[in-house]
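J.: this is a predicted model, with the sequence first.
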Amino acid sequence: MKFNTKTIHGGQEHDPAYGAVMPPIYQTTTYAQTTPGGHKGYEYSRSHNPTRNALENAFASIENGTYGLAFGSGLAAIDAVMKLLKPHDEVISTNDLYGGSFRLFTKIFQDFGIKFHFIGMQDASNVEKYINKNTKLIWVETPTNPMMNIIDIKATSDIAKKHNVILAVDNTFATPYLQQPLDLGADIVMHSATKYLGGHSDVVMGALAVKDTDLADRLYFIQNASGAICGPQDSFLVLRGIKTLHVRMQRHCENGKAVAKYLQKHPKIEKVYWPGFESHPNHDIAKSQMNGFGGMISFTAKGNNYERAIKIIENLRVFTLAESLGGVESLSGHPASMTHASIPKVEREKIGVVDSLVRLSVGIEDIDDLIADLEQALK
């Protein structure tokens, strides 16, 4: 089954009770039993829910995985992965990382005795320098948030397998429409399903997909024991969102390309960060592991100052100034004071998250309206 068909049918069955084409919203916490342990596969909705199971099957299908897990948020999904670790274990992560992930790693799990190395991963060989007997996990974002750096998943996977280390990839920006890390050797794929998978800015959720049965069993245990699950209504909404992922991503990519090229040529723009440019340092890797370059773009205006960046985003009218990304509507943001505010200023600026940086999530509106909006704001 090809991807565009998987988004609609992958892992799905018609409801056995009445043949409903869309999985019903099973808004229940518990299930009747004929005798203790005598049930139809469901006991309690923290452990299993038919609507959530349908969604988890969809997660596995679109990522070419075997098992999918749904959580109450993307950070809850990351939290579950971190609970695979023990005190004195070490994690290697990219230094260009979503601020919420950085905060979870440094403010919570670091206090539990887990050591983190935040390094540049654009050259995958750099990863091996930090591996030792305590290394248990490599955490990758690609493209990274918000600098749009590209990390070679296959090369990183080869290093991880050589040292028997788990490789997890945050695939939120690319989505499985553009990139499938499990096929490139990753052990775990994570999504903030709040973003492109849901696609309509109306639900908060996280997702994991894996192939290995033992790893899946460990994560399912953590999911049930810790309880950071999502409800059936949210499951239904994200499952509905996945069914249009392929057509939405086509437009996100088309519009993203047009906006990136417009900004690159604009006389008031200093630099544009987008992996589709041939000048991007890892453009060839992006071409090899992605089927397109997505709708996420970051840029700085000439002058490179905070006031200039804020004036631009405050004057946008079609682009909405807001947190998050990946919805049908275009959004703008200021990473240094919004998504990455939890990262110390000195550390932010080392990786390029300066006060003048603007991040755009390019939606699926008419491209002429998006370009006109940028034009008027830049004036």
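T.: Looks like it arrived, so ask away. Note that this is a predicted model, so its numbers are computed, not measured.

J.: what's the span of stretch 43-59 from first residue to last?
T.: End-to-end distance for stretch 43-59, by CA to CA, to the nearest Å: 23 Å.

J.: flag every buried residue along it.
T.: Buried residues in stretch 43-59, defined by neighbour count with 16 or more other CB atoms under 10 Å: 45, 48-59. C-betas here are computed from N, CA, C, even on glycine.

J.: average pLDDT for it?
T.: For stretch 43-59, mean pLDDT rounds to 97.

J.: what's the answer for stretch 189-203, then?
T.: In this model, stretch 189-203 has an average pLDDT of 98.

J.: buried stuff in it?
T.: Using 16+ other CB under 10 Å as the test for burial, stretch 189-203 gives 189-199, 201, 203.

J.: report the two of these separated the most.
T.: 189 and 201 (22.1 Å; CB to CB).

J.: pretty sure residue 147 is in a strand, no?
T.: No. The assignment for residue 147 (DSSP: H, G, I helix; E, B strand; the rest coil) gives coil, which keeps it out of a strand.

J.: give me the distance between it and residue 30.
T.: Applying CB to CB, to the nearest Å, the value for residue 147 to residue 30 is 47 Å.

J.: what about these two, which has more around it?
T.: residue 147 (20 against 11; other CB atoms under 10 Å).

J.: surely that one touches residue 352?
T.: Yes. The criterion here is CB atoms under 8 Å, and residue 147 meets it with residue 352 at 4.9 Å.

J.: what do these two both touch?
T.: 96, 273 (CB atoms under 8 Å, 6 or more residues apart in numbering).

J.: how about the CA coordinates for stretch 211-223, as PDB?
T.: What follows is stretch 211-223 as a C-alpha-only set of coordinates in PDB (Å, rounded to 0.1, in the frame of the first residue of the first chain):
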ATOM      1  CA  LYS A 211       9.400  -1.800  14.700                       C
ATOM      2  CA  ASP A 212      11.100  -3.900  17.500                       C
ATOM      3  CA  THR A 213       8.700  -5.900  19.700                       C
ATOM      4  CA  ASP A 214      10.700  -5.800  22.900                       C
ATOM      5  CA  LEU A 215      11.200  -2.000  22.600                       C
ATOM      6  CA  ALA A 216       7.500  -1.600  21.900                       C
ATOM      7  CA  ASP A 217       6.600  -3.700  25.000                       C
ATOM      8  CA  ARG A 218       8.800  -1.500  27.200                       C
ATOM      9  CA  LEU A 219       7.200   1.600  25.900                       C
ATOM     10  CA  TYR A 220       3.700   0.300  26.200                       C
ATOM     11  CA  PHE A 221       4.400  -0.600  29.800                       C
ATOM     12  CA  ILE A 222       5.700   3.000  30.400                       C
ATOM     13  CA  GLN A 223       2.600   4.400  28.600                       C
END
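
J.: show me the contact partners of it.
T.: With contact meaning CB under 8 Å, 6+ apart, stretch 211-223 is reached by 65-67, 69, 71, 80-81, 83-84, 166, 182, 187-188, 208, 210, 229.

J.: run the chain-centre distance for that stretch.
T.: What separates the centre of stretch 211-223 from the centre of its chain is 20 Å, taken as CA atoms, centre = their mean, to the nearest Å.

J.: helices and strands of this protein: which one bottoms out on pLDDT?
T.: Every helix and strand of the chain was ranked by mean pLDDT, DSSP states H and E. The lowest is helix 345-350, at a mean of 88.
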